[in-house]
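Asks: My questions concern the predicted model and sequence given below.
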Amino acid sequence: MAELLSLKEAVARLVRDGDTVALEGFTHLIPVAAGHEIIRQRRTGLTLVRMTPDIVYDQLIGAGCASKLIFSWGGNPGVGSLHRFRDAVQHSWPVPLEIEEHSHAGMANRYVAGASGLPFAVLRGYTGTDLPAHTDTIKPITCPFTGERLAAVPALNPDVTIVHAQRADRSGNVQIQGITGVQKEAVLAAKRSLVTVEEVVDELEPRPGAIVLPTWAVTAVAEVSGGARPSYAAGYYERDNDAYQAWDAIGRDRESFTRWLDELTGVKA
């Protein structure tokens, strides 16, 4: 059963140094506030997982929280590169970063395998690509029924998955509507899970197309209004495109990033 906690307490309890942590969200409902709290609590040695790491992962990497990134695409959507990510890979600043690259289909199927309690997933998605030559967690496999050559990828079972949603009730049942990406699968695959929500309500009203994560699948819920900004939360606020544009200049330069980080963590110049 999910506990209702503050964001600070939830991160302190659930995210530990060296953990594998997934903060999922596909353009929508990205758990930015939770990522910032991880930075404030100075977690290190994390293996970060996400299909589409964007600026909050750039921030986590630049803050020295990550030692490895498992992903299928990385960038500042509609703007350009993630400069803190690039600096870590190319120059080991602030710490070296190992990368493990997959396709979108590979990542999604890894989460599904993890959520299903299976050791690996099988798919055709890597045919004709160079990824198997560069990623050790992609292995060829022969179908025992047809003889077809396929690719196998290991299940993803994060130590903790963090997602953002619109609402939860006081029992810890979570309602997500709009573009859901792999949030459900990522939560079900994880050992522990934290859902930040726009609001906690007495009762969840049915919404068209919404999904519900039951309380037994969630470790903790934290009410964090605006917790997905600058991404958007359907029914609550729109995407802040200016913030994504502004991040390019901040993230591009180590000094400007360090000033941003000091402001986030409350360090006085």
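Replies: Right, received. Where do you want to start? Numbering: from 1, shown residues only.
Asks: Do a quick rundown of the strands in the stretch 101-250 of the chain.
Replies: Under the criterion DSSP state E, counting those that start in this stretch, the stretch 101-250 of the chain contains strands at 120-123, 139-142, 149-154, 160-169, 174-176, 192-201, 211-213, 220-223.
Asks: Need the contact partners of the last one.
Replies: Put plainly, it is strand 220-223. Strand 220-223 has contacts (CB atoms under 8 Å, 6 or more residues apart in numbering) with 2-7, 9-10, 13-14, 34, 168, 172, 174, 193-200. Glycine gets a C-beta too; all of them are placed from N, C-alpha and C.
Asks: what lines up beside it in the sheet?
Replies: Partner strands and pairing direction for strand 220-223 (DSSP bridges) are strand 3-4 (parallel), strand 192-201 (parallel).
Asks: now do the third one
Replies: Each strand that pairs with strand 149-154, with its direction, by DSSP bridges: strand 120-123 (antiparallel), strand 139-142 (antiparallel).
Asks: Minimum distance to Ala66: which of those has it?
Replies: Proximity to Ala66 (CB to CB) singles out strand 120-123 among these, at 24.2 Å.
Asks: Just give me how far that closest one sits from the chain centre.
Replies: 21 Å (CA atoms, centre = their mean, to the nearest Å).
Asks: I would like the residues contacting the host helix or strand of Ala22, please.
Replies: Assessed by DSSP states H and E, Ala22 sits inside strand 20-23. With contacts defined as CB under 8 Å, 6+ apart, strand 20-23 is touched by 15, 30-31, 34-35, 38, 46-50, 56-57, 156-163, 186, 190.
Asks: repeat that with 7 Å
Replies: Defining contact as CB atoms under 7 Å, 6 or more residues apart in numbering, one finds that strand 20-23 is touched by 15, 31, 34-35, 46-50, 56, 158-162, 186, 190.
Asks: Check stretch 242-253 too.
Replies: Defining contact as CB under 7 Å, 6+ apart, one finds that stretch 242-253 is touched by 55, 58, 62, 76-80, 82-84, 230, 256-257, 260.
Asks: filter these to the buried ones?
Replies: Buried subset of the contacts of stretch 242-253 (neighbour count, 16 or more other CB atoms under 10 Å): Ile55, Asp58, Gly62, Asn76, Val79, Leu82, His83, Arg84, Pro230, Phe257, Trp260.
Asks: Can you pull the phi/psi pair for the first one?
Replies: Right, Ile55. Note on Ile55: backbone dihedrals following degrees, to the nearest 10 are phi -70, psi -30.
Asks: now the fourth one
Replies: The phi/psi pair for Asn76 (degrees, to the nearest 10) reads phi -100, psi 100.
Asks: repeat for the fifth one
Replies: Val79 has phi and psi values of phi -120, psi -60 when expressed as degrees, to the nearest 10.
Asks: let's number from 759 now, not from 1
Replies: Okay, using 759 as the starting number, the last item reads as Val837.
Asks: gap between it and Gly864?
Replies: 25 Å (CB to CB, to the nearest Å).
Asks: same deal with the first one?
Replies: If you measure Ile813 against Gly864 using CB to CB, the figure is 23 Å.
Asks: Leaving out chain neighbours, which residue sits closest to His759?
Replies: Not quite, residue 759 is Met, not His. Thr973 (5.2 Å; CB to CB, 6 or more residues apart in numbering).
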